[in-house]
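1. sequence-free structure coming up:
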């Protein structure tokens, strides 16, 4: 078995797209999750080139270097935490990342900042704001319920952070209903 690391896999649809491309190429994967493909066997050079050629136009990229793989893992843990889990409990981001990636948070934080030019915390906030936009557009939850679901201590705190990132209050964003959402891989 071997593992490939793929940049920009941010949702379940991405997993389906990658699975579909692997099937077309006849490449067997034992497991596909955000940012990772566990293959039944190592790829030949020809298979790898063919895979890279079909993934690239779809916005995915096979990544080889250790630091880039770690950055993708950090992003995928954050994306999963914000977009794919119902967080009933208050979670400490540094603990979640350290536990998931088996590295000291200071190492992860410094690496992320050096490579991405922003902090893990800012990336985390940007992801939370994108999720809040999604919840506002769905119009199924009150702002208070969204604040609770996204683990904000108050609606005021959520509103201040939202405005700092977007320049709009949540209620103004909801009123204009313009498509202000960014794809997750562009956050």
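-> Thanks, I have it. These numbers were taken from a predicted model, which means no experiment stands behind them.
2. residue nearest the centroid of this protein?
-> By CA atoms, centre = their mean, the chain has its centre lying nearest to residue 79, at 3.1 Å.
3. list the contacts of that residue.
-> Applying CB atoms under 8 Å, 6 or more residues apart in numbering to residue 79 gives the contacts 10, 11, 34, 127, 184. Any C-beta I mention is one placed from the backbone N, CA and C, and that applies to glycine too.
4. from residue 5, how far off is it?
-> In this view, residue 79 and residue 5 are 15 Å apart by CB to CB, to the nearest Å.
5. okay, now residue 20: neighbour count?
-> When counting by other CB atoms under 10 Å, one arrives at 12 neighbours for residue 20.
6. who touches whichever helix or strand it is part of?
-> Assigned by DSSP states H and E, residue 20 belongs to helix 12-25. By CB under 8 Å, 6+ apart, the residues outside helix 12-25 that reach it are 6, 8-9, 28-29, 32-34, 37, 47, 50-51, 54-55, 58, 60, 84.
7. do that again at 7 Å, thanks
-> 6, 9, 29, 32-33, 37, 47, 50-51, 54-55, 58, 60 (CB atoms under 7 Å, 6 or more residues apart in numbering).
8. quick one: mean pLDDT for stretch 46-66?
-> Stretch 46-66 shows a mean pLDDT of 92.
9. in that stretch, what counts as buried?
-> 47, 50, 51, 54, 55, 60, 61, 63 (16 or more other CB atoms under 10 Å).
10. pretty sure the last one is touching residue 3, no?
-> No: checked against CB atoms under 7 Å, the pair residue 63 and residue 3 is beyond contact range at 11.3 Å.
11. rewinding a little: between the contacts of residue 79, which is closest to residue 175?
-> Nearest to residue 175 among the contacts of residue 79 is residue 127, at 23.4 Å by CB to CB.
12. neighbours of the nearest residue to residue 71 once chain neighbours are set aside, just the number please.
-> Once flanking residues are discounted, residue 71 sits nearest to residue 115: 5.2 Å by CB to CB, 6 or more residues apart in numbering. Using other CB under 10 Å, residue 115 is surrounded by 13 other residues.
13. go on, residue 91?
-> Residue 91: 12 neighbours (other CB under 10 Å).
14. residues contacting the helix or strand of the chain with the lowest mean pLDDT, please?
-> Ranking every helix and strand in the chain by mean pLDDT, DSSP states H and E puts helix 170-176 at the bottom, with a mean of 86. Contact partners of helix 170-176, identified using CB under 7 Å, 6+ apart, comprise 132, 133, 136, 143, 159, 162, 166, 180.
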